[in-house]
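Asks: let me see the structure of the following:
(one chain, ligands or ions: 2)
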Amino acid sequence: MNALAVTGGRVLHPDGRVSEADVLIDADAGRIEAVGEDVTAGREIARTLDAEGGLVMPGLVNGHTHVSMTLLRGYADDKPLESWLREDIWPVEAELTDDDIAAGAELGILEMIRSGTTTFADMYFSMDRVAEVVERAGVRARLGRGVVAVGKEEAEARADLEGSLEFARTYDGAADGRIRTAFMPHSLTTVPENLLTEGIELAAEDDLWVHLHANETTDEVEPIVEKHGVRPLEYAADRGALGPDRFLAHGVHVDGTETELLAETDTSVIHCPASNMKLASGIAPVQRLREAGVTVGIGTDGAASNNDLDLFDELRDAAMVGKIGADDASAVPAAAVVEMATSDGADAIGLPGGRIETGAAADLIVVDLEAPHLTPAHDVVSHLAYAVRGSDVRHTVCDGTVLMRDREVTTLDAATVMDRAAEHAADLVARAEE
Ligand SMILES: CSC[C@H]1O[C@@H](n2cnc3c(O)ncnc32)[C@H](O)[C@@H]1O
Ligand SMILES: [Zn+2]
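Replies: Ligands and ions are numbered 1, 2, ... in the order given. Next comes the predicted model:
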């Protein structure tokens, strides 16, 4: 066995307990071999990661993003979703090249590795280029090409749909299984009924997952209620968009009937608290969804509506806004957001990881706990939700490979990635404003 040992720290176990333990990893298999106090005894250890003064926990799962939108960080702020997309984002996205998308993906993945995210779900364009970066950077992802029909002739929208299915079929299982895919219609209002139904039927023929934005704003809910006389998630269910291998981004404006529908169909929701606050979309009923048995993960959404990809920020936002939404300070507690960003997030998007236990995928991070803002440590889980920052992450491991050691990313050259992304972002904006 090519053994990697993470030693000298405390471990966050799947039941929320924290204890002193080492983690032994079979790096070739990408699996956790053992967790405990004496797991390295008598073993030949090829490499060690020092976790002294730190917490070994699952790598975080960013359940919904558009990673290449890092190029548009700070490009358009302080607007609601509809005008933000139509007036600013879609016009500049029309100028994106494949190389821009690759440069943005490198930047976003670099940012995620540094802040403890090992796994993410991504909807965007030129996904073959995003897949190449995922493979090279060593992270795990569920990827899909987004389909938007707004402003397009039927033939062009249909070509998008076929492109999305083709990408999903071709790349599923790529990068030694670290890449899984999905058919990704953008939303219930930006893809017409016939294409949505047809795409989902074709995806089902190949057992492909489905991911879309849903019930993000009231502007998205009202047209469906008006046109079809049912709530959006009833409309979605009738078109095959709900089920155990489907996950929805946002789920902000979800009523009681829709909550039951999500639970009955085992459809997961990815909560994006920062994006929902920034675009003033509303507050997702996370406590209600979880109480109903819906699996809820956490996502950053794109860096243009967040404006960073640090998932630890999102844990804090989710816990805070969850209390405001439920008008109850005990709602969405620390342990819940940690679960949402780890095991529940991995389950929601159907990827391995999210747990430090024997046999689990070796996707883990070491968080430095020796810092003024983390002292004293009465309750480590409380710190994860309310006080830890992405910059506290010391090591990042995915699939048994060390992606960051002592805050140095090993698979991407940080300076080159940042320079390249800044250059692509400047050229992109200049083209868009020509
Ligand atoms: C078709 S690729 C994905 C598409 O989604 C856009 N987008 C980014 N953030 C959001 C959001 O919060 N709601 C809806 N759509 C969003 C992105 O700019 C791409 O065009
Ligand atoms: Zn989104």
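
Asks: going forward, measure contacts and count neighbours with C-alpha atoms only.
Replies: Noted.

Asks: what about the residue nearest the centre of the chain, distance to ligand 1?
Replies: For the chain, the residue nearest the mean C-alpha position is N62 (2.1 Å; Cα atoms, centre = their mean). N62 is 14 Å from ligand 1, where distance means Cα to the nearest ligand atom, to the nearest Å.

Asks: same deal with S275?
Replies: Distance, S275 to ligand 1, using Cα to the nearest ligand atom: 6 Å.

Asks: so that residue, which of the three states?
Replies: helix (DSSP: H, G, I helix; E, B strand; the rest coil).

Asks: my guess is it contacts T300, does it?
Replies: Yes: if you go by Cα atoms under 8 Å, S275 and T300 touch, sitting 6.9 Å apart.

Asks: quick one: which of the two has more around it?
Replies: T300 (30 against 23; other Cα atoms under 10 Å).

Asks: in three-state terms, label the more buried one for me.
Replies: Look at T300: counting by three-state DSSP, its state is coil.

Asks: one step back: touching both of S275 and T300, which residues are there?
Replies: Shared contacts of S275 and T300, defined by Cα atoms under 8 Å, 6 or more residues apart in numbering, comprise N306.

Asks: tell me the buried residues in stretch 82-95?
Replies: Across stretch 82-95, burial judged by 16 or more other Cα atoms under 10 Å covers W84, D88, I89, V92, E93.

Asks: map the structural domains onto the sequence of this protein.
Replies: Listed domain ranges for the chain are 3-57+359-409, 60-349 (source: automatic domain parsing).

Asks: which stretches of the stretch 51-200 of the chain have low pLDDT?
Replies: For the stretch 51-200 of the chain, no stretch is flagged by pLDDT under 70.

Asks: strands along the stretch 301-434 of the chain, start to end?
Replies: For the stretch 301-434 of the chain, the strands defined by DSSP state E, counting those that start in this stretch occupy 364-368, 393-398, 401-405, 408-409.

Asks: which neighbouring elements make contact with the second one?
Replies: On a contact count with 3 or more Cα pairs under 8 Å, 6 or more residues apart in numbering; DSSP states H and E, strand 393-398 meets helix 98-114, strand 117-124, strand 364-368, strand 401-405.

Asks: can you name every helix or strand that whatever helix or strand the residue nearest to the centre of the chain lives in contacts?
Replies: Per DSSP states H and E: N62 is located in strand 60-65. Applying 3+ Cα pairs under 8 Å, 6+ apart, one finds that strand 60-65 contacts strand 117-124, strand 296-298, helix 334-341, helix 343-349.

Asks: got a list of contacts for it?
Replies: 116-123, 249, 270, 272, 297-302, 311, 341-342, 345-346, 348-349, 354, 364.

Asks: for PyMOL, write the selection for the buried entries among those.
Replies: A single PyMOL command selects the buried members of the contacts of strand 60-65 (16+ other Cα under 10 Å):
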select buried, resi 116+117+118+119+120+121+122+123+249+270+272+297+298+299+300+301+302+311+341+342+345+346+348+349+354+364
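
Asks: restrict the contacts of strand 60-65 to those near ligand 1?
Replies: Subset of these in contact with ligand 1: M123, D301, G302, counting by Cα under 6 Å from any ligand atom.
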